[in-house]
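>>> Below: sequence and its predicted model.
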Amino acid sequence: MSAPLIALLVLAGFIVLVLLKTAVVVPQKSEYIVERLGKYNNTLGAGFHILVPFLDRVAYRFSLKEEVFDIPSQTCITKDNVTVEVDGLIYLQVVDSKLSAYGINDYRMAASQLAQTTLRSCIGRIDLDKTFEERETINGQVVESIDQAAQAWGVKVLRYEVKDILPPESVKKAMEAQMTAEREKRAAIARSEGERQSTINRAEGDRQDAILRSEGEKQKRINEAEGRAKEILIVAQATADGLSTIAKQLEAPGGQDAANLRVAEQYVGEFGRLAKVSNTLIIPGNVADLAGMVSSAMAAFQNITPVRTATGQEHAPMRGHPKG
């Protein structure tokens, strides 16, 4: 191989090497900081770029994607002097590559340190019980504090999340005992409320039972009274009808004779009955004169027959008993 050819090959290789060293491809959502002779020259966005050989160099590479990293656990003291271990996660994003490159040496370390100091300050202002309740408040305060400082770093703090809050073992046992007592208290209250409601329900049931029973008894008595009243009316109507029929029959031919016979039968029958049911026997003075007794009974019967007035109106008969 001749010397000129070797020199040409060396030159070609050198050119290729220079192109490889100066050609830069920037990925999507990334930015490169280019320095020329040690000074900031420009910022390269996504795409293909050629740098000036031997003068330019890529000094910093930044991703514009959202970043997340752990905040190491640290010891914090609450307002009521309880020591707790707290760690968290922070989410941030580079929004200005130049400021991130020259505004601070390591924005991740700076954000982590600032998050820890801010978290200690926030925890120290609240009691232990509220640290579990006010996580959102703590997260917001940390984000606000870091975001104000990170503006000079070209970084935007998106959010912060407290991962764990671990109190000492003795405090955990005390909290568990407190929670157990609280649950027992709620259970006792729930039982008492249940018993109270049960008692009220039983009393209400007894009240309703008494009311319904009394209503039933009332309706029963009303029905019985109405039945008796109706019975009396029917009997009275039947009696009046019977007497009216008897009065008509007395005025009919042979009515007086039939009445005499009926009275005589009842007269004799009543004396017979008195002899059966009583040791004392009432004997009329003229036992042999049955016709006289019937006449006396009929005389009494005549007293209860309808009396016609001078105007021809008929009055109701008066009750009476034949004299013996």
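Thanks, I have the structure now.
>>> Locate Pro72 within the secondary structure: which element?
Here Pro72, judged by DSSP states H and E, is contained in strand 66-77.
>>> ok, then the element right after that strand?
strand 83-94.
>>> which strands and helices sit next to that next one?
Secondary-structure packing of strand 83-94 (3 or more C-beta pairs under 8 Å, 6 or more residues apart in numbering; DSSP states H and E): strand 66-77, helix 107-123, helix 135-150, strand 155-166. For glycine as for every other residue, the C-beta is placed from the backbone atoms N, C-alpha and C.
>>> strand partners of that strand, parallel vs antiparallel please.
strand 66-77 (antiparallel), strand 155-166 (antiparallel) (DSSP bridges).
>>> follow-up on the earlier one: out of the helices and strands packed on strand 83-94, flag the one nearest Leu243.
Across these, Leu243 has its closest neighbour in helix 135-150 (102.9 Å, C-beta to C-beta).
>>> coming back round to it: let's see the strand holding Pro72 as PDB, backbone CA atoms only.
These are the backbone C-alpha positions of strand 66-77, laid out as PDB (Å, rounded to 0.1, in the frame of the first residue of the first chain):
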ATOM      1  CA  GLU A  66     -41.400  13.900  36.000                       C
ATOM      2  CA  GLU A  67     -39.000  12.500  38.500                       C
ATOM      3  CA  VAL A  68     -39.700  10.700  41.800                       C
ATOM      4  CA  PHE A  69     -37.300   9.800  44.500                       C
ATOM      5  CA  ASP A  70     -37.400   8.800  48.100                       C
ATOM      6  CA  ILE A  71     -36.800  11.100  51.000                       C
ATOM      7  CA  PRO A  72     -34.800   9.100  53.600                       C
ATOM      8  CA  SER A  73     -36.400   8.400  56.900                       C
ATOM      9  CA  GLN A  74     -35.600  11.000  59.600                       C
ATOM     10  CA  THR A  75     -36.400  11.500  63.200                       C
ATOM     11  CA  CYS A  76     -38.900  14.300  64.000                       C
ATOM     12  CA  ILE A  77     -40.300  15.500  67.400                       C
END
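>>> Taking helix 135-150 as reference, get the angle to that strand.
In terms of direction (axes from the mean of the first three to the mean of the last three C-alpha atoms, to 10 degrees), strand 66-77 departs from helix 135-150 by 110 degrees.
>>> for the record, mean pLDDT for strand 66-77?
The predicted model assigns strand 66-77 a mean pLDDT of 91.
>>> Tell me what angle it forms with helix 107-123.
40 degrees.
>>> Can you list the buried residues in strand 66-77?
For strand 66-77, burial by neighbour count (16 or more other C-beta atoms under 10 Å) applies to Glu67, Ile71, Gln74, Cys76.
>>> Serialize those residues to a markdown table and add fields for distance to Gly124.
Shown next, in a markdown table, are those (distance: C-beta to C-beta, whole Å):
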| residue | distance to Gly124 |
| --- | --- |
| Glu67 | 28 |
| Ile71 | 17 |
| Gln74 | 12 |
| Cys76 | 7 |
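>>> Can I get stretch 32-52 in PDB, CA atoms only?
Output of stretch 32-52 as PDB, limited to C-alpha atoms (Å, rounded to 0.1, in the frame of the first residue of the first chain):
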ATOM      1  CA  TYR A  32     -28.600  19.000  26.600                       C
ATOM      2  CA  ILE A  33     -26.500  22.000  27.800                       C
ATOM      3  CA  VAL A  34     -23.600  22.800  25.400                       C
ATOM      4  CA  GLU A  35     -20.600  24.700  26.500                       C
ATOM      5  CA  ARG A  36     -18.000  26.300  24.300                       C
ATOM      6  CA  LEU A  37     -14.600  26.700  25.700                       C
ATOM      7  CA  GLY A  38     -16.000  26.300  29.200                       C
ATOM      8  CA  LYS A  39     -18.900  28.700  28.800                       C
ATOM      9  CA  TYR A  40     -22.600  28.200  28.200                       C
ATOM     10  CA  ASN A  41     -23.300  28.200  24.500                       C
ATOM     11  CA  ASN A  42     -26.800  26.900  24.000                       C
ATOM     12  CA  THR A  43     -29.400  24.300  24.900                       C
ATOM     13  CA  LEU A  44     -30.200  21.400  22.600                       C
ATOM     14  CA  GLY A  45     -33.700  20.100  22.300                       C
ATOM     15  CA  ALA A  46     -34.900  16.800  20.900                       C
ATOM     16  CA  GLY A  47     -33.300  15.900  17.500                       C
ATOM     17  CA  PHE A  48     -30.000  15.600  15.700                       C
ATOM     18  CA  HIS A  49     -27.200  18.200  16.300                       C
ATOM     19  CA  ILE A  50     -23.600  18.700  15.200                       C
ATOM     20  CA  LEU A  51     -21.300  20.400  17.600                       C
ATOM     21  CA  VAL A  52     -18.200  22.400  16.700                       C
END
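>>> Can you name the residues in contact with that stretch?
Identification of contacts with stretch 32-52 by C-beta atoms under 8 Å, 6 or more residues apart in numbering yields 19, 22-31, 55-62, 97-98, 101-102.
>>> any idea how far it is from the chain center?
Its chain's C-alpha centre and that of stretch 32-52 lie 67 Å apart, by C-alpha atoms, centre = their mean, to the nearest Å.
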